[in-house]
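Q: Give me a 3D structure for the following:
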Amino acid sequence: MQYKMLKKVSYCWILLCLAITTYGQTDCVADLVITDAVTSGQTSDQMVSNSISASNTIANGATANYQAGSFVLLTPGFQATEGSNTSITIAPCTGTSNARATSQTVELTNETLDISLYPNPTGGSFTVQIPAIKSTGLQLVEVYNLAGVLVYKKSVSAGEQVSIDLKNHTKGLYLVKYFLGKQGITKRVLYK
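A: The predicted structure is shown next:
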């Protein structure tokens, strides 16, 4: 008799978990750029519906769990040191992302930090429109291929239009990253 009651409680608990997971699916952010280090004793759990771009360090004794729906791009500067517990997974977003609450990441929700890319798709050359933001922070544009290789890098100023030529590179999907200090945003451009 006790066994049947325990089984029923476990079954109810599983249904509750499934209901919570389904509810959380709409709360995942689309893209995330992670630049801040995860220090010893800290845990950074990040779940997004599309992509994560990480250039941070995960220290000995730290835990980082990154899950993205499409891809995780580890850019120059990323390092999971010996003794860290690092997990990188490609899977659909199934719950609430804590990217908004952690000190390890910055989610850009301010529309003024958005960059424009055109034409997209491109035949090889495209323009990046930098937002006209008054800031004393370093502004930078980087372009990476999907293998994580940096193909373009330039310091930029507010309101600048940057012309980028990919004609000497292979056709495919590229990630354009814009940084304003420690904040960053990533967009995709298709070269076909």
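
Q: Could you report the neighbour count for the residue nearest to Ser155 when sequence neighbours are not counted?
A: Nearest in space to Ser155, with sequence neighbours left out and distances taken as Cβ to Cβ, 6 or more residues apart in numbering, is Leu140 at 5.6 Å. Every residue, glycine included, has its C-beta placed from N, CA and C. Residues lying near Leu140 (other Cβ atoms under 10 Å) number 16.

Q: So Leu140 versus Lys171, what's the distance?
A: Distance check for Leu140 against Lys171: by Cβ to Cβ, to the nearest Å, it reads 25 Å.

Q: can you check Gly123 too?
A: 9 Å.

Q: which residues do the two both contact?
A: Residues touching both Gly123 and Lys171 (Cβ atoms under 8 Å, 6 or more residues apart in numbering): 191-192.

Q: between the two, which one's more packed in?
A: Lys171 (14 against 11).

Q: pLDDT weak spots in this protein?
A: Counting by pLDDT under 70, the chain shows low-confidence ranges at 1-27, 95-113, 135-136.

Q: can I see the domain layout of it?
A: By the assignment in automatic domain parsing, the chain contains the domains 27-105, 111-191.

Q: Where do the helices of this protein begin and end?
A: Secondary structure of the chain (DSSP state H): helices at 2-24.
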